[in-house]
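>>> with the sequence up front, the predicted model follows.
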Amino acid sequence: MDKFRMIFQFLQSNQESFMNGICGIMALASAQMYSAFDFNCPCLPHYNLAYGLGILLVPPFILFLLGFVLNNNVSMLAEEWRRPRGQRGKDPAVLRYMFCSVAQRAMIAPVVWVSVTLLDGKCITCAFCTSVPMETLGNASHPNLSQGELKKVLARIPCKDIYDGWQIIDNEVAIRYLRCISQALGWCFVLLMTMLAFLVRSLRPCFTQAAFLKSRYWSHYIDIERKLFDETCAEHARIFAKVCIQQFFEGMSTDLGAARCQQPRKAPADAGEATEKLLGITDQGTMNTALKSWHRCKPPLHLHPPALPSSNGWAGEEQPPPPMPRREMAAYYSRV
Amino acid sequence: MDRFRIIFQYFQSNSESVMNGICGLLALASVKMYTCFDFSCPCLPQYNMAYGLGIMFVPPIALFLCGLILNRQSLVMLEEWRRPQGRRAKDLSVIRYMCSSIIQRAMVAPLVWIVVTLLDGKCLICAFSCSVDPDKFVGFANISPVQVQQLLAKVPCKDDELMRNNTSRKAVSRYLRCWSQALGWSILLILIVAAFLAHWLRPCFNQDTLLQARHWSNYIDIEQKIFEETCCEHSRLFAHKCILHFFKSMQREIKLHSFSLPREGETAEGEEDLLRGIIDQDQVNKLLKMWYYEKPPLDIS
């Protein structure tokens, strides 16, 4: 159990690890889904191809989109892309990095599905059973059957329980042939994907490593900043609610003219702590302005030293950026 | 057990996680229910469609209602919607946000049931076996239409004497199953594309309204929880004082037996503070009524 807890904590420790965890789970789920799915070839001439290729291609597309949907970074990417500029510039390299990392992780489950499908062979057998080479495998010149009838018979090859064309071509022979082709395709696909992944990983440090480090840092920063903002808002809401309810109870006891109505002696430290945590935001209108400004005008990436009187950051929505941060933004933009 | 505790604590960490956890559990329960359910097609011409479509659509309605019931936020939302305005204005965008998040979570289990049903195929085979065109399949020639209907109605029943090793039954069954699975995958594709577009397009419209709605809906939830905790604490202290008062009033009668009664120490004064002067039933009732009819304004300056 200790090991499990360590793994769980490690995966939770940062967003990328967490996403790797989700990606791994989806890959396993994809293999499991394939084995749980009851493949059922229709064994009719035009339906076979549609069904076989549909099962080969539609679930991977679904898994790919699901990878995007489950990835929290996608909404972060869309938000960063669509937000107004405000006091903080936008770096397209960071957006590209985020998109690539999301897309790469989303590709894994579909690749697993396609590989497992090809290696299993049922889809290709179902889709291409009407196209088996009759000359090499069977008796091509069967006089009694028209093309249409022949196709109908060949379409039933994957369905052993209703196949009735033993004179034309042996069921087992055709299935073995198609399966062999399917598995060869499957292994080639696996090899191709592995080589691509290897090339992407190993060639990247040869080019643009410095720009990559910068993009990675700022993409992690945006993620952490968003999480911290949400946590700060939640903490603020909690303290706001506590103080609001306390004031309500006090107000009621005053209204009811309660006999021994004493003001609860809140320890000064307690009151001070609550006020500090409220960060000066004590009513609905101010909070709404704060949230609006967070989206419309994100603060610049420049930390004020504590001695300076901090200006009211919420008010300046369309102010021109102050001169100091410009240096920081220039560094942010530079392509090394 | 340890493993469950860690997973449980993770999901308890905030109320959205709790709701996602419940939603996931309902989806798993829905799959399990389907696998445990013993599907038994009546194989009679008029009953097949009703049974098949009934099994496909009635349990999802029940699962949807379960999803609404199990979600704590639905009560919070209803209360926020129906409360009198009082000193705190009502924000419709917050109510809309809460409503849409509740409905989205409640829809997951019914959709899982429908997709699993379609991918399995039994329901559709049962419902539509009488509606296939018999000319597409061999084995239905030279039979009267009434008999054809009866035979087709028996297609879902593999163990029926007439149908046991019948190849046309297997062909019809495969055909319907193929359509059922294609429909299932298509529905899944449409849902995922819709979810994907919603994720991508949401920040393009009204992001700041969304941030506000999300914050205040979270606030309402937290406030409700803290109010319940404060009331619990108050009632505990109320009960404590009530019982002490009772023992004190008995003191005169039993003083001869020289029992040592709990003396009110320093704790009593602290507790009185926390009771905030609200010390009888009418006052508590009035307080609870005011909490509903006139919530305090969102201003603590």
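Structure's in. What do you need?
>>> next, count neighbours for the residue in the stretch 201-301 of chain B positioned nearest to chain A.
Across the stretch 201-301 of chain B, no residue is closer to chain A than residue B:277, which sits at 3.3 Å (C-beta to the nearest C-beta). To be clear about C-beta, it is placed using only N, CA and C from the backbone, and glycine gets the same treatment. Residues near residue B:277, counting by other C-beta atoms under 10 Å in any protein chain shown, number 21.
>>> is it true that it touches residue B:234?
No: in this structure, residue B:277 sits apart from residue B:234 without contact. The criterion is C-beta atoms under 8 Å, and the distance is 11.1 Å.
>>> follow-up on the earlier one: assumed the residue of the stretch 201-301 of chain B closest to chain A was part of a helix.
No: note on residue B:277: no helix contains this position according to DSSP: H, G, I helix; E, B strand; the rest coil, which reports coil.
>>> how about residue 61, what does it touch?
Going with chain A. With contacts taken as C-beta atoms under 8 Å, 6 or more residues apart in numbering or on different chains, residue A:61 has the following neighbours: A:110, B:189.
>>> ah, no, chain B please
Contact analysis of residue B:61 by C-beta under 8 Å, 6+ apart lists residue B:110.
>>> before we move on, what about the one 3 residues further on?
Residues touching residue B:64, when contacts are defined by C-beta under 8 Å, 6+ apart, comprise B:106, B:107, B:109, B:110.
>>> apply 7 Å and report the result again.
B:106, B:107, B:110 (C-beta atoms under 7 Å, 6 or more residues apart in numbering or on different chains).
>>> identify the residue nearest the second one in space, chain neighbours excluded?
When you say that, I think you mean residue B:107. When the adjacent residues along the chain are set aside, residue B:107 lies closest to residue B:64, with 6.7 Å between them (C-beta to C-beta, 6 or more residues apart in numbering or on different chains).
>>> just residue B:213 next, same as before
Leaving aside its sequence neighbours, residue B:213 sits nearest to residue B:97 (C-beta to C-beta, 6+ apart; 3.8 Å).
>>> picking that back up, for the helix or strand where the residue nearest to residue B:107 lies, buried residues please.
In this structure, residue B:64 sits in helix B:47-70 according to DSSP states H and E. For helix B:47-70, the neighbour count (16 or more other C-beta atoms under 10 Å in any protein chain shown) marks B:48-49, B:51-52, B:55-56, B:59-60, B:63-64, B:66-67, B:70 as buried.
>>> roughly how far is it from the heart of the chain?
Here helix B:47-70 is found 14 Å from its chain centre; the criterion is C-alpha atoms, centre = their mean, to the nearest Å.
>>> contact residues of the stretch 101-250 of chain A facing chain B?
For the stretch 101-250 of chain A, the contact set with chain B under C-beta under 7 Å from any C-beta of the partner chain comprises A:159, A:161-162, A:233-234, A:237-238, A:240-245, A:247-250.
>>> swap in 6 Å and give it another go.
Contact residues, the stretch 101-250 of chain A versus chain B (C-beta under 6 Å from any C-beta of the partner chain): A:161, A:162, A:233, A:237, A:238, A:241, A:242, A:243, A:244, A:245, A:248, A:249.
>>> tell me which of these is nearest to residue B:174?
Of all these, residue B:174 sits closest to residue A:162, with 8.0 Å by C-beta to C-beta.
>>> what sits closest to the closest one if chain neighbours are left out?
Setting aside the residues directly before and after it, residue A:162 is nearest to residue B:167 in space (C-beta to C-beta, 6+ apart), at 4.6 Å.
>>> residue A:161 is in contact with that neighbour, correct?
No: Residue B:167 is beyond contact range of residue A:161, at 7.3 Å (criterion: C-beta atoms under 6 Å).
>>> neighbour count winner among the two?
Per other C-beta under 10 Å, whichever of residue B:167 and residue A:161 has more neighbours is residue B:167, with 16 against 11.
>>> that one and residue B:110: what is the separation?
From residue B:167 across to residue B:110, the span is 37 Å (C-beta to C-beta, to the nearest Å).
>>> residue A:57 too?
As defined by C-beta to C-beta, residue A:57 lies at a distance of 27 Å from residue B:110.
>>> more neighbours: which of those two?
More crowded of residue A:57 and residue B:110, by other C-beta under 10 Å: residue B:110, with 22 against 15.
>>> confidence score at the more buried one?
What the model reports for residue B:110 is a pLDDT of 95.
>>> list the contacts of it.
Listed by C-beta atoms under 6 Å, 6 or more residues apart in numbering or on different chains, the contact partners of residue B:110 are B:60, B:63, B:64.
>>> now tabulate those residues in TSV and tack on pLDDT.
As requested, the contacts of residue B:110 are exported to TSV (pLDDT from 0 to 100):
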residue	pLDDT
B:60	94
B:63	93
B:64	94
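>>> which residue ranges of the chain form strands?
Picking chain A for this. Under the criterion DSSP state E, chain A carries no strands.
>>> ah, I was thinking of chain B
So, for chain B - with DSSP E - there are no strands.
>>> quick check: which ranges of it have low pLDDT?
Counting by pLDDT under 70, chain B shows low-confidence ranges at B:1-14, B:252-254, B:256-273.
>>> one step back: out of the residues of the stretch 101-250 of chain A next to chain B, list just those in helices.
Helix and strand membership here follows DSSP state H; of those, those in helices are A:233, A:237, A:238, A:241, A:242, A:243, A:244, A:245, A:248, A:249.
>>> contacts only, for the second one.
Shown here is residue A:237, whose contacts under the criterion C-beta under 6 Å, 6+ apart are B:218, B:219, B:222.
>>> tell me how far the second one lies from residue A:287.
In other words, residue B:219. 9 Å.
>>> likewise residue A:127?
If you go by C-beta to C-beta, the gap between residue A:127 and residue A:287 works out to 58 Å.
>>> tell me the contacts of the nearest residue to residue A:75 once chain neighbours are set aside?
In space, and not counting its chain neighbours, residue A:75 is closest to residue B:199: 5.6 Å by C-beta to C-beta, 6+ apart. The neighbours of residue B:199, taking C-beta under 6 Å, 6+ apart as the test, are A:69, A:74, A:75.
>>> next one: residue B:224
Neighbours of residue B:224 in contact, by C-beta under 6 Å, 6+ apart: residue B:76.
>>> and the gap between it and residue A:284?
To residue A:284, residue B:224 is 17 Å away according to C-beta to C-beta.
>>> with residue B:36 instead?
Plainly put, residue B:36 is 50 Å away from residue A:284 if you go by C-beta to C-beta.
>>> tell me which of the two has more neighbours.
Set side by side, residue B:36 and residue A:284 show more neighbours around residue A:284, with 18 against 7, by other C-beta under 10 Å.
>>> what sits against the closest residue to residue A:49 other than its chain neighbours?
With C-beta to C-beta, 6+ apart as the criterion, residue A:49 has its nearest non-adjacent residue at 5.0 Å, and that residue is residue A:127. Taking C-beta under 6 Å, 6+ apart as the criterion, residue A:127 is in contact with A:49, A:52, A:53.
>>> give me the pLDDT for the second one.
Residue A:52 is assigned a predicted lDDT (pLDDT) of 94.
>>> picking that back up, can you tell me which of the contacts of residue A:127 are in helices?
A:49, A:52, A:53.
>>> please tell me how far the first one sits from residue B:238.
From residue A:49 over to residue B:238 the distance is 76 Å, taken as C-beta to C-beta.
>>> could you do the second one as well?
The span separating residue A:52 from residue B:238 equals 72 Å under the rule C-beta to C-beta.
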